[in-house]
Structures are given as structure tokens and as C-alpha cells.
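**Student:** When you get a sec, could you give me coordinates for this:
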Amino acid sequence: QVQLVESGGGLVQTGGSLRLSCTASGRTFSYVRMGWFRQAPGKEREFVAAIRWTSGSTSYADSVKGRSTISRDNAKNTVYLQMNSLKPEDTAVYYCAAALRSGYGSSWSGGYDDWGQGTQVTVSS
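**Tutor:** Got it, this is the predicted structure:
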């Protein structure tokens, strides 16, 4: 059974930091890419960051570039999202996603096959 479990969300003040974690179990050996997406109330789900499982190459949305770092620990089947200098507009439910297939843009949610349940991040002003 495939499972992605996020943790690390919470309430933080503007300018603060959080580190989100996503631990995968199940068919993790088949994953080619892991990503983070977020969805704020009343808005569509949007891409945040992604990392290729083997090479470690990364990509980021412009809105978080320079403030966030995605990384992975292959031995632990875990991907992290370190977020710094948080802003109220970063408030959202953050979802971890895993892709079995290559050849799709990392920012396209349709290119991901497995999703976590999400973790809430709230940034107070």
C-alpha cells in the first residue's frame, strides 16, 4: 500500500521558518520525482517545488524561489521542504506528491501519481 505522510506544518509568524517532511512507503523504489504543492482557501492547487529522486535536481515556483529548499533522504524515503522568510500569502495546505513517470513537467500536478493528505501551514501577520 502506497502512503505519503506529511508533517511539520503549523502556525508561524511572518518571517519565520518551517520544515515540512514527507515520508513515503510502499512502491518508493519506482518514484522518479517528488514534489510539494499547496492550496490556499478558494484557490487552485499550485506547484511549490520538486526534486528528482535519483539525481537530486530541483525546481521551484517563482513565489518561493530563494526562500525555500527541497531536499531528500533516499535512505529514509523522505523529502523535505525548508521554508524561510515566510509570508502570510504562504498560508495553505501543503501536499506532498510522488511521480512514477518521467517526461512530464515537474510543476504539472497531473504528472504525479500519489498524494499525501496535506499539512496546514499558517503564517500570521
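**Student:** right, and residue 4 touches residue 118 too?
**Tutor:** No: contact criterion C-beta atoms under 8 Å: residue 4 and residue 118 do not qualify, at 9.9 Å. Just so you know, the C-beta spots here come from the backbone N, C-alpha and C atoms, and that holds for glycine as well.
**Student:** Tell me which of those two has more neighbours.
**Tutor:** residue 4 (23 against 18; other C-beta atoms under 10 Å).
**Student:** And for the more buried one, nearest residue in space, chain neighbours not counted?
**Tutor:** residue 116 (3.7 Å; C-beta to C-beta, 6 or more residues apart in numbering).
**Student:** Can you tell me how far that neighbour is from residue 16?
**Tutor:** Going from residue 116 to residue 16 by C-beta to C-beta, to the nearest Å gives 23 Å.
**Student:** Ok, residue 105 next?
**Tutor:** Applying C-beta to C-beta to residue 105 and residue 16 gives a distance of 31 Å.
**Student:** out of these two, which sits in the busier spot?
**Tutor:** residue 16 (15 against 10).
**Student:** Would you mind pointing out the helix or strand the residue positioned nearest the centre of the chain falls in?
**Tutor:** Nearest residue to the geometric centre of the chain (C-alpha atoms, centre = their mean): residue 36, 2.0 Å. Here residue 36 sits within strand 33-39, counting by DSSP states H and E.
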